[in-house]
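1. just the structure for this:
(2 chains)
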Amino acid sequence: MSTVYSRLAFFLPLGLTIIWASAAQAKSITIDDSASQAIAPSVSMHWKSAAPSRAGGGNLMVGTTTIRVRMNVMPWLRHSGRIYLSLPTQPPGPITLSWITQGRFLPGQLQSGSRVLVYAGPITTPFMEDTLTFQFTVDGSLIRRAVPVTYHFEMDED
Amino acid sequence: MTPGHPERFSRGGLCRALLGAVLLAVFSGSASAYTVTLDADAPMTIYLQVGVGAFTADYCGGTSYPPTNQTPNCGPAYGGGTPEINSTVNTVSASLTLAEVGNGTKQAMTTNSTATNSFLDGYVFCTVPGQLYIGGFYRTAGATTAAAQVTATVPAALTDPHGDTLPFSKISWTSSGNGDAGAEPFPAGTFVNGGVQTVGTMASNSWNESCWTFSYLNNTVPASGFYTGTVTYTMTTP
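-> Below is the predicted model of the structure:
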């Protein structure tokens, strides 16, 4: 009896692992873009309008940086998928992110807490690359010190 | 498999299977998010204008009010101007006849300043020569701070070439602006006789402006002469 239990114990975790992996691929999976390189990882934020309005407001700060994005899409090779740029909700508060590309990915704009499609189609190469110029826009009253902002790319497999 | 110990082998296989699953999970979790750092560059900007000032153009563009481009889409990227330095020292003066001197009737003073329009959007805010424009802004990143202070450094007295003096406290001003209602950022006041006095405040991240109308109290009879004195205005951020 003990042997039977042991085999069940062996196969049960393995089976769960396979099911979990399958279910995860049907959802969004963060893509490994650790090979990406920022030309300037620190984004200098400056006033969008140097002078404020009479009633206050108009206090947005903007900053631009260029990043050579290199995604490892090997796990989805010879499949079709949709790649999204996701900007989670995070400090210092609401962030608007817009970007232009060199053509491999789609340009776009999003607010923190959302994601936007940057690619849809077949994955034909192990790596996908493009140079993206990002512009971050944040209320200047929220920038009290240097603040890290994190984004990621995620894959929805068709 | 060693007879009598089937469960030991099975446990070892289970451990290896779990280890493999853990390693698989770790490998799958190597996907990364990318982090950039947002840092305010030159977060503080100040501008103070007393009398004439200098912008390359109205900040919100155009030469007439209302401007073509509304805030917050103002500034150089929208055809608007940028602040510049203007070293002009404007005068405010009054000339009294012998009959008027010391008669107790306040005498209106006029300025040689030509500043009537706000450099923010071209709005005609002051009237010359009866009013002196004072305005500016204090830009700062981060949370709202205490207001910037604008002070006047006032000599003890106006003097003439013969050494006669006239107290600066004989000069006062009222404050207003075309279309304004409510409190002025640079309120009415009277000069002190020597010293530094606060003449207004600028709330952070807003454009502040007033028009001053000066008058001479004219309640004494000083020696006849041409009295002058220079008041220097200073803006101090918290």
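2. any idea whether the most centrally placed residue in chain B is helix, strand or coil?
-> Residue closest to the average C-alpha location in chain B (C-alpha atoms, centre = their mean): B:Phe137, at 1.8 Å. Under DSSP: H, G, I helix; E, B strand; the rest coil, the three-state class of B:Phe137 is strand.
3. give me the pLDDT value at it.
-> On the pLDDT scale, B:Phe137 is placed at 91.
4. can you check B:Asn73 too?
-> pLDDT, B:Asn73: 65.
5. just the helices in chain A please.
-> Per DSSP state H, chain A carries helices over the ranges A:2-26.
6. repeat that for chain B.
-> Under DSSP H, chain B gives helices at B:6-28.
7. what is the longest strand seen in it packed up against?
-> Ordering each strand of chain B by length in residues (DSSP state E) puts strand B:207-216 first. Identification of packing neighbours for strand B:207-216 by 3 or more C-beta pairs under 8 Å, 6 or more residues apart in numbering or on different chains; DSSP states H and E yields strand B:107-108, strand B:132-139, strand B:171-176, strand B:195-202. Where C-beta positions appear, they are placed from N, C-alpha and C, glycine not excepted.
8. buried deepest among the ones you listed, which one?
-> Stretch with highest mean neighbour count among the helices and strands packed on strand B:207-216: strand B:132-139 (a mean of 26; mean count of other C-beta atoms under 10 Å in any protein chain shown).
9. tell me which other helices or strands it touches.
-> So strand B:132-139, by 3+ C-beta pairs under 8 Å, 6+ apart, packs with strand B:45-50, strand B:195-202, strand B:207-216, strand B:232-236.
10. starting from that strand, tell me which strands it pairs with and how they run.
-> Take DSSP bridges as the rule and strand B:132-139 pairs in its sheet with strand B:45-50 (antiparallel), strand B:207-216 (antiparallel).
11. weakest of these in terms of mean pLDDT?
-> Note on these: strand B:45-50 shows the lowest mean pLDDT, a mean of 92.
12. how big is the angle separating that one from strand B:195-202?
-> 120 degrees (axes from the mean of the first three to the mean of the last three C-alpha atoms, to 10 degrees).
13. give me the below-cutoff pLDDT ranges for chain A.
-> A:1-26, A:57 (pLDDT under 70).
14. that one: strands as residue ranges?
-> A:29-30, A:37-38, A:42-47, A:60-72, A:80-87, A:95-100, A:108-111, A:114-122, A:127-139, A:147-157.
15. B:Ser206: which of those strands is closest?
-> strand A:42-47 (13.4 Å; C-beta to C-beta).
16. show me what the closest one is packed up against.
-> With contacts taken as 3+ C-beta pairs under 8 Å, 6+ apart, strand A:42-47 sits against strand A:60-72, strand A:127-139, strand B:34-40.
17. before we move on, the earlier item: for the strands of chain A, which one sits closest to B:Val199?
-> Among the strands of chain A, strand A:42-47 comes nearest to B:Val199, with 26.5 Å by C-beta to C-beta.
18. coming back round to it: tabulate the CA atom coordinates of the longest strand of chain B in PDB.
-> Provided in PDB are the C-alpha atoms of strand B:207-216 (Å, rounded to 0.1, in the frame of the first residue of the first chain):
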ATOM      1  CA  TRP B 207       1.100  82.800 -11.600                       C
ATOM      2  CA  ASN B 208       0.800  85.800  -9.200                       C
ATOM      3  CA  GLU B 209       0.400  89.400 -10.300                       C
ATOM      4  CA  SER B 210      -1.000  92.800  -9.000                       C
ATOM      5  CA  CYS B 211      -1.000  96.400 -10.100                       C
ATOM      6  CA  TRP B 212       0.200  99.000  -7.600                       C
ATOM      7  CA  THR B 213      -1.000 102.600  -7.500                       C
ATOM      8  CA  PHE B 214       1.400 104.700  -5.500                       C
ATOM      9  CA  SER B 215       0.600 107.900  -3.700                       C
ATOM     10  CA  TYR B 216       2.600 110.500  -1.700                       C
END
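19. run a quick neighbour tally on B:His162.
-> 9 (other C-beta atoms under 10 Å in any protein chain shown).
20. nearest residue to it other than its sequence neighbours?
-> The spatially closest residue to B:His162, leaving aside those adjacent along the chain, is B:Gly225, at 6.1 Å (C-beta to C-beta, 6 or more residues apart in numbering or on different chains).
21. show me what contacts the one you found?
-> Shown in contact with B:Gly225 (C-beta atoms under 8 Å, 6 or more residues apart in numbering or on different chains): B:160-162, B:164.
22. and it, backbone torsions?
-> Note on B:Gly225: backbone dihedrals following degrees, to the nearest 10 are phi 170, psi 180.
23. for it, give me the pLDDT.
-> 94.
24. nearest spatial neighbour of A:Ser42, skipping sequence neighbours?
-> B:Thr37 (4.8 Å).
25. so the one you found makes contact with A:Val43?
-> Yes. Using C-beta atoms under 8 Å, B:Thr37 is in contact with A:Val43, at 6.6 Å.
26. with distance to A:Asp32 added, can I get the helices and strands packed on strand B:132-139 in TSV?
-> Shown next, in TSV, are the helices and strands packed on strand B:132-139 (distance: least, C-beta to C-beta, whole Å):
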stretch	distance to A:Asp32
strand B:45-50	42
strand B:195-202	50
strand B:207-216	48
strand B:232-236	52
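27. looking at the ones you listed, spot the one closest to A:His152.
-> For A:His152, the closest of the helices and strands packed on strand B:132-139 is strand B:45-50, at 34.3 Å, according to C-beta to C-beta.
28. show me the contact partners of that closest one.
-> Strand B:45-50 is contacted by residues A:47, A:50-51, B:53, B:83, B:86, B:90, B:115, B:119, B:132-139, B:148, B:150, B:233, B:235, B:237 when judged by C-beta under 8 Å, 6+ apart.
29. re earlier: as a markdown table, the helices and strands packed on strand B:207-216 with distance to A:Gly113 would be great.
-> As requested, those are arranged in a markdown table below (distance: least, C-beta to C-beta, whole Å):
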| stretch | distance to A:Gly113 |
| --- | --- |
| strand B:107-108 | 59 |
| strand B:132-139 | 28 |
| strand B:171-176 | 46 |
| strand B:195-202 | 35 |
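30. show the contacting residues for residue 40.
-> All of this refers to chain A. Listed by C-beta under 8 Å, 6+ apart, the contact set of A:Ala40 reads A:65-66.
31. that's the other chain; I wanted chain B
-> Here B:Ala40 is in contact with A:45-46, A:61, A:140, A:143, B:141-142 (criterion: C-beta under 8 Å, 6+ apart).
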